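J.: Fold the following.
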Amino acid sequence: MTSASRYQSILAISKQMLAAGMNQDWDLLVDLEKQRQQLLSKTVGMLTTPSDASLIVEIQQCDSQLREKVEAWMSH
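T.: Have a look, this model is predicted:
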C-alpha cells in the first residue's frame, strides 16, 4: 500500500469519525478510532510525498473539528 492510499484511507475514517461525533455516536467513534489507529501505526516511518501533505492537512482538520465537538459535549 502506498503512502497516498494509506493516507486516503485514514482520511476516509477521519471523516467517518467526524460524522459519528456530530451525531454523538460515541461507540461508533471509538470503533473508528481503533481502525484508524491501526492504519496510523503502519504509517509511522513511511516515506511521505509532497502530495501526501494535503491529505495530512485534511486529516488534521477533521481531528480539530472533532476535538471541538467532543470537548463541547464533555463540558456539558
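J.: Check the offset of stretch 61-70 from the chain's centre.
T.: Taking Cα atoms, centre = their mean, to the nearest Å, the mean C-alpha location of stretch 61-70 is offset from the chain mean by 10 Å.
J.: Please point out which parts of that stretch sit buried.
T.: Residues of stretch 61-70 classed as buried: C62, L66, K69 (neighbour count, 16 or more other Cβ atoms under 10 Å). In this view, the C-beta of every residue, glycine as well, is placed from N, C-alpha and C.
J.: ditto for stretch 5-12
T.: For stretch 5-12, burial by neighbour count (16+ other Cβ under 10 Å) applies to R6, Y7, Q8, S9, I10, L11.
J.: excluding its backbone neighbours, what's nearest Q24?
T.: Distances taken as Cβ to Cβ, 6 or more residues apart in numbering place W73 nearest to Q24, at 6.7 Å, with adjacent residues excluded.
J.: count of neighbours near the one you found?
T.: Using other Cβ atoms under 10 Å, the number of residues around W73 comes to 11.
J.: where does the chain have its least confident helix or strand?
T.: Every helix and strand in the chain was compared by mean pLDDT, DSSP states H and E; the lowest is helix 52-74, with a mean of 91.
J.: That helix: how far from the chain's middle?
T.: Put simply, helix 52-74 sits 7 Å off its chain's centre (Cα atoms, centre = their mean).
J.: May I have it as CSV, with CA atoms only?
T.: Presented in CSV, the C-alpha positions along helix 52-74 are these (Å, rounded to 0.1, in the frame of the first residue of the first chain):
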residue,chain,number,x,y,z
ASP,A,52,0.6,13.4,0.9
ALA,A,53,0.7,16.8,2.6
SER,A,54,-2.7,17.9,1.5
LEU,A,55,-4.2,14.6,2.8
ILE,A,56,-2.4,15.1,6.2
VAL,A,57,-3.8,18.6,6.4
GLU,A,58,-7.3,17.3,5.8
ILE,A,59,-6.9,14.6,8.5
GLN,A,60,-5.7,17.3,10.9
GLN,A,61,-8.7,19.5,10.1
CYS,A,62,-11.1,16.6,10.8
ASP,A,63,-9.3,16.0,14.1
SER,A,64,-9.6,19.6,15.1
GLN,A,65,-13.3,19.8,14.3
LEU,A,66,-13.9,16.5,16.1
ARG,A,67,-11.9,17.7,19.1
GLU,A,68,-14.1,20.8,19.4
LYS,A,69,-17.3,18.7,19.2
VAL,A,70,-16.1,16.2,21.9
GLU,A,71,-14.8,18.9,24.2
ALA,A,72,-18.1,20.8,23.9
TRP,A,73,-20.0,17.5,24.7
MET,A,74,-17.7,16.7,27.7
